[in-house]
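Participant: here are the coordinates; sequence isn't available:
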């Protein structure tokens with residue numbers, strides 16, 4: 001009798017355990033599905049936006065190509081440098097590459113804001129709160145970097161590189177160009193160099209925002225950033241040498257704004273740290 005009751009009790013326990021395991025599994029699957037549904041919508045919008053941006057860029061491909069030639073041509077208005085096509089497929093591949101880059105440049109901020117909106121929704125459901133300051137500043141800094149590279153850095157860099165190609169090392173001491181009087185540049189290589197430079201500046205201008213986020217999370221303090229100034233200068237110099245054409249002037253044009261942004265990031269991190277400390281003190285005062 002007792003063994004039967006134990007069996008019955010044991011059977012109920014096993015059944016209860018089975019229900020609990022099934023409920024926990026369903027809960028996990030429910031949480032995954034709640035995440036996958038908005039993620040699927042996010043990826044679908046990303047694909048549609050990229051496709052639409054590519055088609056729109058393809059319609060204006062000739063204008064975009066002329067725009068990308070502008071930093072090189074404007075550096076030498078006397079038409080001593082120009083772009084050429086080396087292979088029969090070059091023009092098509094150049095247009096495809098330009099459209100892909102333009103689509104990504106336009107798509108990135110849109111996806112950032114869209115993904116941030118999704119993150120805000122999840123945080124709101126968890127009882128948290130996230131503002132729009134970080135993504136908006138990120139988009140602003142990204143396009144500021146793009147504009148600075150395209151309008152300021154690239155014309156100066158091409159002016160130096162073309163002058164060096166035409167006049168040799170005499171450009172360092174102000175000698176006039178001798179020897180060649182015309183330079184032809186592969187359009188395919190020109191697009192790769194221009195887009196790489198523009199993208200490097202756009203991403204590099206994110207440094208202050210990244211530093212402020214690290215300070216806000218407490219992973220790195222503003223004092224640590226200030227103590228690492230020397231290391232940061234060396235790292236930025238190496239990165240500038242790798243990302244820019246092999247001339248010292250273009251390297252300096254990338255290094256200087258990057259270091260200024262690093263110093264600005266230190267100031268920003270200090271402000272974030274002070275605000276975080278003030279919030280903690282206020283919370284401690286309320287709890288007491």
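Facilitator: Yep, that arrived. Not measured: the values here are computed from a predicted model.
Participant: number of residues surrounding residue 156?
Facilitator: As a burial measure, residue 156 scores 15 neighbours (other Cβ atoms under 10 Å). C-beta coordinates here come from the backbone N, C-alpha and C atoms, glycine included.
Participant: how about the nearest residue to residue 198, chain neighbours excluded?
Facilitator: Nearest residue to residue 198 in three dimensions, chain neighbours excluded: residue 149, at 4.7 Å (Cβ to Cβ, 6 or more residues apart in numbering).
Participant: let me see the contact set for that neighbour.
Facilitator: Going by Cβ atoms under 8 Å, 6 or more residues apart in numbering, residue 149 touches 197-198, 200-202.
Participant: which of the three states applies to it?
Facilitator: Here residue 149 is recorded as helix under DSSP: H, G, I helix; E, B strand; the rest coil.
Participant: related to what we said a few turns ago, out of the contacts of residue 149, which is nearest to residue 218?
Facilitator: residue 202 (27.7 Å; Cβ to Cβ).
Participant: and the closest one, what is it in contact with?
Facilitator: 105, 142-143, 145-146, 149.
Participant: quick check: it vs residue 140, distance?
Facilitator: 11 Å (Cβ to Cβ, to the nearest Å).
Participant: check residue 254 too.
Facilitator: 19 Å.
Participant: how about residue 96?
Facilitator: 29 Å.
Participant: model confidence over the one helix or strand residue 276 maps to, on average?
Facilitator: Per DSSP states H and E: residue 276 is located in helix 248-287. The pLDDT scores in helix 248-287 average 78.
Participant: cool, stretch 69-76 as well?
Facilitator: Stretch 69-76 comes out at a mean pLDDT of 80.
Participant: after the helix or strand of the chain with the lowest mean pLDDT, which helix or strand is next?
Facilitator: Among the helical and strand segments of the chain, the one scoring lowest on mean pLDDT, DSSP states H and E is helix 2-59, with a mean of 65. Remark: after helix 2-59, the chain's next helix or strand is helix 61-75, criterion DSSP H and E.
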